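**Q** how would this look folded up:
(chains A, B, C and D)
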Protein chains: 2
Amino acid sequence: MSDSCSKKSLTQLIDRCRAGGMRRTQALESVLTLLLDSDRPMTAGEIAEAPALKGHCDPATVYRLLVRLEEHGILRRLGLRDRAAYYTIRHAHTHDDYIVCTKCGSIEELEMECPVEALEAEIARKSGFTQLDHELEFFGVCPECAASASE
Amino acid sequence: MSDSCSKKSLTQLIDRCRAGGMRRTQALESVLTLLLDSDRPMTAGEIAEAPALKGHCDPATVYRLLVRLEEHGILRRLGLRDRAAYYTIRHAHTHDDYIVCTKCGSIEELEMECPVEALEAEIARKSGFTQLDHELEFFGVCPECAASASE
DNA sequence: GTAATTGCAAATCATTTGCTTCGTA
DNA sequence: TACGAAGCAAATGATTTGCAATTAC
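**A** Modelled structure (predicted):
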């Protein structure tokens, strides 16, 4: 599953976890590998149920791990209008925005630079808030669902 | 609580509900009045627990009503990184974006025109998605929390 | 009168927490 | 060996659902 690129990233991520005081455990490696190989955010439940994790480590462990990884800045947590929390690897200087199909739930990463990034400084000034961060998601009907609806 | 302006809006909203086939019930009026008078999105739980509703109608009724009102386009549902769903009245041609304090949870409406609105057409073209809509939220530390943290 | 709503209780879903045992550093 | 993690079970919080009793139109 993991190509050499994600293996390298995995090592780097684990180093960052270790630097933050976390221990190198099987669950940690599995969760990070899974998310590195996923091209979209996954819910905590999906992660815990994934073949690579299911049966090997307890759901509670996965949930605890995800929380800790987010606190350490390794993961980003998203809302996506779902009851469940979504997680994805947090990348260095950028972050991705997503478009979600309201019919089938498919999630696609948007191939564009985030149009809001540039506004953060201004928002911070106007609002007085610090340590700004943001979340932007688009929702709509994907081409496949639009096609099947009109059949 | 309701000034004449929100009374007028209430009538208009109820008319839209009626037009959509909903019946004019006590719960409907109470929920709409509450949200019209609120200057920020509220969680379903907050709405059900509000003095105007608590004891007068069942939480299950409130939850069902909120879902139906969203389906009818009367309310907008937001995620806000919370486990709970937030609801707010959906206004005609614009929508608001919010900034949320990650320490105390306070929510403020942003006084600016949404910078993403203009991009929807382009996103729609690039992605092939239709009926686009979006959600944009900023998160950070509000001035009050920043002050109390440095004390 | 009748179909849409409500109330109440029970069920579900997505976590979260307590506590004992295990395993990495 | 010691303290951070994992396992397992029970507890929570936020809805959701089934169904009989109401009520708006």
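
**Q** mind checking the SS state of A:T61?
**A** Here A:T61 is helix, with the state taken from DSSP: H, G, I helix; E, B strand; the rest coil.

**Q** residues of stretch A:71-88 that come out buried?
**A** Residues of stretch A:71-88 classed as buried by neighbour count (16 or more other Cβ atoms under 10 Å in any protein chain shown): A:74-80, A:85-88. Where you see a C-beta, it was placed from the backbone N, CA and C, and this is true even at glycine.

**Q** and if you look at stretch A:16-24?
**A** Counting neighbours by 16+ other Cβ under 10 Å, the buried set in stretch A:16-24 is A:17, A:22.

**Q** Report the rounded mean pLDDT for that stretch.
**A** The average pLDDT within stretch A:16-24 is 96.

**Q** What's the separation between the closest residue to A:V31 other than its chain neighbours and A:Q26?
**A** Sequence neighbours aside, A:L65 is the residue nearest to A:V31 in space, at 5.6 Å (criterion: Cβ to Cβ, 6 or more residues apart in numbering or on different chains). According to Cβ to Cβ, to the nearest Å, A:L65 and A:Q26 sit 11 Å apart.

**Q** Of those two, give the one with the bigger neighbour count.
**A** Ranked by neighbour count (other Cβ atoms under 10 Å in any protein chain shown), A:L65 and A:Q26 place A:L65 first, with 23 against 11.

**Q** and the residue nearest to the spatial centre of chain A, which of the three is it?
**A** Closest to where the C-alpha atoms of chain A average out (Cα atoms, centre = their mean) is A:T88, at 1.4 Å. Three-state call for A:T88 (three-state DSSP): strand.

**Q** A:R16 and A:L69 touch, don't they?
**A** No. Using Cβ atoms under 8 Å, A:R16 is not in contact with A:L69, being 9.8 Å away.

**Q** Leaving out sequence neighbours, find the closest residue to A:E108.
**A** Closest residue to A:E108 apart from its sequence neighbours, by Cβ to Cβ, 6+ apart: A:I99 at 5.2 Å.

**Q** I'd like to know which residues of chain A are adjacent to DNA strand C.
**A** By the rule Cβ under 7 Å from any atom of the strand, the part of chain A lying against DNA strand C is A:18, A:23-26, A:43-45, A:59-60, A:63-64, A:67, A:83-85.

**Q** Among the residues you listed, list the two that are farthest apart in space.
**A** A:R18 and A:R83 (33.2 Å; Cβ to Cβ).

**Q** Name the nearest residue to the residue in chain A that chain B sits nearest to, ignoring sequence neighbours.
**A** Nearest residue of chain A to chain B (Cβ to the nearest Cβ) works out as A:G79 at 3.2 Å. Closest residue to A:G79 apart from its sequence neighbours, by Cβ to Cβ, 6+ apart: B:G79 at 3.2 Å.
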